[in-house]
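Novice: this is the structure alone, sequence omitted:
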């Protein structure tokens, strides 16, 4: 009897469906694949790809997170481990962009330019970028197998690595000749503001309060928490300056963020910021490249617009949106996509052209850091 009611319910649904009903179309395509496809397939994966494609069609950086991804990235209290790689996707190829020192990838001699072909037996050309990132991550001390095409060889090699919790220095700093400070920010995290304040304070005191110029290196920085980007921007501007305006479909989400501590969650750091007031006027150069995105573009575009910094490098990624994570009620999964867009003080967007540098310099090879050399030249003239 129960089967009869289930069958009746399905028939009523189909009878009520219109000829152009997308659900009927989906069911028909799935059935055709089941009946005719020469390739093996997973019906659950078909649905997940449909959902991911749906989100991706309205936001190229949006995505659907299945139960495993959502649990691992957002719900689990367990630490997420990896192998210490920064990767980039170019025409369905996954290339190593950089390697974290002392990480499993570093110990396996992976280098910039190496191509990842397989992850645990799965061809990466069959995955989207976020799926590759998820595949590389996992629980600490779990094994992962990679097939890698080294940049300088013709035959792929197989590597077996063990995932570890990789500690990445978000901020690194040093001094160049003529009292020029160099600060590199790898990404904008929750503790970026206190970390950069400590780094600058250390250099400032070591130089006996004499810093003649500063280089802020945002190359390969994908962004992160936007309030941290606002906080770093504020360090180099006078008080009450408008930093960005945010627009959304919802009135309550429309807001202007100014150079005030409460706008960037920096109230507890006011004294430390005032102790480094020289940052408001120190000659400043910002280094960017095509992988500088999100909060990196907030910092570089706003300080450039106020003529507060000279931007050197190549045009940035061009991401002017903020994403929101929406948990789904049907199962333990979620979707993440852009819900707001930010604009510079003059109402400009970095999409699609990115931040256009004041001085365009390409990084031609690994031996010479031409953008950095140009930055030092610019500051030594001031």
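Specialist: Received, thanks. This structure is a prediction, so every number in the text was calculated from the model and none was measured. Numbers count the residues shown, from 1 in each chain.
Novice: which strand or helix spans residue 148?
Specialist: strand 143-149 (DSSP states H and E).
Novice: how about that strand: buried residues?
Specialist: Buried residues in strand 143-149, counted by 16 or more other C-beta atoms under 10 Å: 144, 146, 147, 148, 149. Glycine gets a C-beta too; all of them are placed from N, C-alpha and C.
Novice: please enumerate the helices of the stretch 151-300 of the chain.
Specialist: For the stretch 151-300 of the chain, the helices defined by DSSP state H, counting those that start in this stretch cover 192-206, 226-234, 270-275, 295-305.
Novice: where does the protein dip in pLDDT?
Specialist: Counting by pLDDT under 70, the chain has low-confidence residues at 1-20, 77.
Novice: one more time with 80, if that's ok
Specialist: For the chain, the stretches with pLDDT under 80 are 1-23, 72-80, 91, 126, 128-130, 151-152, 168, 251-253, 364-367, 382.
Novice: state which strand of the protein is the longest.
Specialist: Longest strand in the chain, counting residues (DSSP state E): strand 334-343.
Novice: is it possible to export the helices of the stretch 151-300 of the chain to CSV including distance to residue 158?
Specialist: Compiled in CSV, these are given as follows (distance: least, C-beta to C-beta, whole Å):
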stretch, distance to residue 158
helix 192-206, 38
helix 226-234, 39
helix 270-275, 50
helix 295-305, 35
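Novice: got CSV for these, with mean neighbour count and distance to residue 81 too?
Specialist: Putting the helices of the stretch 151-300 of the chain into CSV (neighbours: other C-beta atoms under 10 Å; distance: least, C-beta to C-beta, whole Å) gives the following:
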stretch, mean neighbour count, distance to residue 81
helix 192-206, 17, 22
helix 226-234, 24, 24
helix 270-275, 12, 33
helix 295-305, 26, 25
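Novice: who wins for proximity to residue 334 among these?
Specialist: helix 226-234 (19.5 Å; C-beta to C-beta).
Novice: re earlier: adjacent strands (with direction) for the strand holding residue 148?
Specialist: strand 115-119 (antiparallel), strand 157-162 (antiparallel) (DSSP bridges).
Novice: any idea which of these is most buried?
Specialist: strand 115-119 (a mean of 19; mean count of other C-beta atoms under 10 Å).
Novice: next helix or strand past that strand?
Specialist: Sequence-wise, the next helix or strand downstream of strand 115-119 (DSSP H and E) is strand 122-123.
Novice: which element follows that following strand toward the C-terminus?
Specialist: helix 129-136.
Novice: so which bits of that following helix are buried?
Specialist: Taking 16+ other C-beta under 10 Å as the criterion, helix 129-136 shows 130, 131, 132, 133, 134, 135, 136 as buried.
Novice: from the buried residues of strand 143-149, which is closest to residue 164?
Specialist: Using C-beta to C-beta, those come closest to residue 164 at residue 144, 10.8 Å.
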